[in-house]
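[1] Sequence and predicted structure are below.
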Amino acid sequence: MQVDRGQPIKLIFTQGPSITVRLVVCIALSIGLMMMDHRQSHLVSLRAALSVVVYPIQLAVELPGSVVGWFRESLATRRELQEENVSLQTQLLMLKAQRQKLESLEIENIRLRELLDSSFEVGEKILVAELMSVNLDPFKHQIVINKGELDRIYPGQPLLDADGVMGQVVHVGPYTSTAVLITDTSHAIPVQVNRNGLRTIALGSGTINRLELPYLPNNSDIETGDLLITSGLGGRFPPGYPVAMVTDIQQDPGQAFARITATPKAKLDRSREVLLVWPGDIEAILAEDTGSGEQQANADMQVVPDGETGGDDNGETQADEAETEDTPDSEEESG
């Protein structure tokens with residue numbers, strides 16, 4: 001069978017509706033289906049069946065986007081958590097520092113309240129001072145406070161804390177003062193037993209928590225636990241301030257005096273604030289010190305150089321001779 005190559009081949013279904021007709025048919029069919037679904041609801045079951053069939057395809061299509069979003073959210077959340085962790089750690093450190101500061105302020109407030117309460121109990125004029133430094137020499141128990149001559153501090157002024165006597169001022173500068181504690185080996189304070197009024201002297205032992213009472217006989221009425229207070233003798237310390245508590249008594253029949261030790265009531269190694277006390281006769285003490293200073297100054301001003309001494313002596317001798325010559329005449333006149 002021979003094919004004529006000159007004539008074109010006729011294709012099957014080459015003739016059909018045009019595109020416009022097809023579009024109109026599709027539109028009409030869509031409108032019809034929508035009207036049927038809206039008015040009679042015949043396509044509900046078909047829609048449900050189609051949704052079941054299409055759902056896995058929707059999941060497969062959305063799966064890459066969901067995975068990418070989950071990773072992105074995870075990374076962002078991890079970064080936010082790290083930043084939040086750093087911020088919280090910084091806040092924690094700041095709060096710890098503030099808590100430590102508040103704790104120190106609370107302790108200082110407690111100390112100041114104790115000092116305030118003790119100042120009301122004291123009754124005399126008082127002044128609160130702060131410790132600036134402590135003598136590093138282990139054989140000298142001395143401290144430096146931030147009050148001086150401008151605050152009317154004077155040598156020998158009593159020094160207390162909220163619990164008892166600490167010592168007394170030994171050197172006064174314009175802005176600072178040096179005080180010796182009662183436990184210094186060079187310090188002695190007159191005390192008495194609060195229970196019965198027995199008087200004695202408490203000496204510093206060189207140990208920060210011990211005083212010695214070396215001048216009490218073996219038969220003295222003193223017991224462990226007795227409170228020692230200032231007796232007021234000597235005029236330095238006003239009477240009635242707590243000094244120490246008797247802690248040990250050793251009586252040796254071969255010795256004339258008992259060996260008695262006491263523990264200071266004041267917190268000598270822990271107090272940061274101290275009370276400076278002015279006794280009731282402070283004006284007399286200051287006047288006495290001022291008067292002695294003026295007398296010494298006048299005595300120094302009355303010192304005359306050697307060159308002028310002879311002239312003054314001659315003048316005094318001539319005056320004496322004149323008085324001697326006038327004396328007989330006056331006696332004759334009186335006679």
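    Alright, I've got the coordinates. Numbering: from 1, shown residues only.

[2] only C-alpha atoms for contact and neighbour calcs from this point on.
    Fine.

[3] what about the strands in the stretch 51-200 of the chain?
    With DSSP state E, counting those that start in this stretch as the criterion, the stretch 51-200 of the chain has strands at 125-134, 142-145, 158-160, 165-172, 177-181, 188-193, 199-204.

[4] any chance of those strands in CSV, plus mean neighbour count and distance to Ile222?
    CSV is the format used below for these (neighbours: other Cα atoms under 10 Å; distance: least, Cα to Cα, whole Å):
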stretch, mean neighbour count, distance to Ile222
strand 125-134, 16, 32
strand 142-145, 21, 30
strand 158-160, 25, 25
strand 165-172, 23, 21
strand 177-181, 24, 24
strand 188-193, 23, 7
strand 199-204, 21, 10
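
[5] and Pro217, which of these is closest to it?
    Evaluated with Cα to Cα, the strands of the stretch 51-200 of the chain place strand 199-204 nearest to Pro217, the distance being 10.5 Å.

[6] Kindly calculate the angle that the closest one makes with strand 188-193.
    Put simply, strand 199-204 runs at 130 degrees to strand 188-193, going by axes from the mean of the first three to the mean of the last three Cα atoms, to 10 degrees.

[7] Show me what strand 199-204 is packed against.
    Applying 3 or more Cα pairs under 8 Å, 6 or more residues apart in numbering; DSSP states H and E, we find strand 199-204 packed against strand 188-193, strand 211-213.

[8] Distance to Gln157 and mean pLDDT for the ones you listed - can I get that in CSV?
    Below are those laid out as CSV (distance: least, Cα to Cα, whole Å; pLDDT from 0 to 100):
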stretch, distance to Gln157, mean pLDDT
strand 188-193, 13, 94
strand 211-213, 20, 95
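
[9] To Val67, which of these lies closest?
    Nearest to Val67, of those and by Cα to Cα, is strand 211-213 at 82.2 Å.

[10] Describe which strands the closest one pairs with in its sheet and in which direction.
    strand 199-204 (antiparallel), strand 259-264 (antiparallel) (DSSP bridges).

[11] Domain map for the chain?
    Domain assignment of the chain by automatic domain parsing yields the ranges 34-122, 125-284.

[12] Show me the one of the helices and strands packed on strand 199-204 that comes nearest Leu102.
    Nearest of the helices and strands packed on strand 199-204 (Cα to Cα): strand 211-213, 36.0 Å.

[13] about what we covered before: now the strands paired with strand 211-213 as a markdown table including mean pLDDT and distance to Leu33?
    Converted to a markdown table, these look like this (pLDDT from 0 to 100; distance: least, Cα to Cα, whole Å):
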| stretch | mean pLDDT | distance to Leu33 |
| --- | --- | --- |
| strand 199-204 | 94 | 115 |
| strand 259-264 | 95 | 108 |
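
[14] Quick check: which of those strands is nearest to Val165?
    Short answer: strand 259-264, nearest of the strands paired with strand 211-213 by Cα to Cα, at 8.0 Å.

[15] Excluding its own residues, what touches that closest one? List them.
    164, 209-214, 243-251 (Cα atoms under 8 Å, 6 or more residues apart in numbering).

[16] change it to 7 Å
    For strand 259-264, the surrounding residues in contact (Cα atoms under 7 Å, 6 or more residues apart in numbering) are 209-214, 243-251.

[17] and it, C-alpha only, in PDB?
    The C-alpha atoms that make up strand 259-264 are tabulated as PDB, following Å, rounded to 0.1, in the frame of the first residue of the first chain:
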ATOM      1  CA  ARG A 259      44.400  35.100 141.100                       C
ATOM      2  CA  ILE A 260      41.200  36.500 139.500                       C
ATOM      3  CA  THR A 261      40.500  37.000 135.800                       C
ATOM      4  CA  ALA A 262      37.500  38.600 134.100                       C
ATOM      5  CA  THR A 263      36.200  38.900 130.600                       C
ATOM      6  CA  PRO A 264      35.400  42.500 129.300                       C
END
